[in-house]
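1. Turn this into a model:
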Amino acid sequence: MRKRLVGTVTGDKMSKSRRVEVQRVYRHPKYGKTMRERMVCHAHDEENASHVGDVVEIVESRPLSKLKRWALVKIVQKALVTGTTPEVSA
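-> As a prediction, this is how the structure comes out:
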C-alpha cells in the first residue's frame, strides 16, 4: 500500500515538478504541547496542472530524480486567485 498525503503546493517553477509541503499537528509525548511539523516533498506533475497555493493529494512512487519520490494524484482545491486589488479613489 502506497502512502497518500495531502499538502499545499509551495513551488511550481520547475517543469513537471512541484514542491509540496505537508503539515501535521501532534502533541509532544512528554510535555503535551501542541507541535507543528512540516515535511517537504517534491512531486511529479505530468500535466503541469497545479500551481502555488493549490491543495493537492500526492502518492509515493519510485524514484523519478534526485529528489522526486512522489507523484501528484489530484488537485483537491485550487488556490484563491488574488488578482489586482481595487484602487481607492481619493
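2. which stretches of this protein aren't confidently modelled?
-> 82-90 (pLDDT under 70).
3. if we go to 80?
-> 81-90 (pLDDT under 80).
4. Can you show me the strands along it?
-> 4-11, 17-27, 34-44, 55-60, 70-77 (DSSP state E).
5. Tell me the helices and strands packed up against the shortest one.
-> In terms of contacts (3 or more CB pairs under 8 Å, 6 or more residues apart in numbering; DSSP states H and E), strand 55-60 is packed against strand 4-11, strand 17-27, strand 34-44, strand 70-77. (Glycine included, C-beta is placed from N, CA and C.)
6. Same question for that strand: list its buried residues.
-> Across strand 55-60, burial judged by 16 or more other CB atoms under 10 Å covers V56, I58.
7. who touches the residue nearest to V40 when sequence neighbours are not counted in this structure?
-> For V40, ignoring the flanking residues on the chain, the nearest one in space by CB to CB, 6 or more residues apart in numbering is E21 at 5.7 Å. Taking CB atoms under 8 Å, 6 or more residues apart in numbering as the criterion, E21 is in contact with G7, T8, T10, R38, M39, V40, C41.
8. with the residues you listed in mind, which one is nearest to H28?
-> When the contacts of E21 are ranked by distance to H28 (CB to CB), R38 comes first, at 16.1 Å.
9. Can you name the residues bridging to that closest one?
-> As for beta bridges, R38 partners with Q23 under DSSP bridges.
10. Was I right to think it contacts Q23?
-> Yes - counting by CB atoms under 8 Å, R38 touches Q23, with 4.9 Å between them.
11. Tell me what A43 is bridged to.
-> Those that pair with A43 in a beta bridge, by DSSP bridges, are R18, W70.
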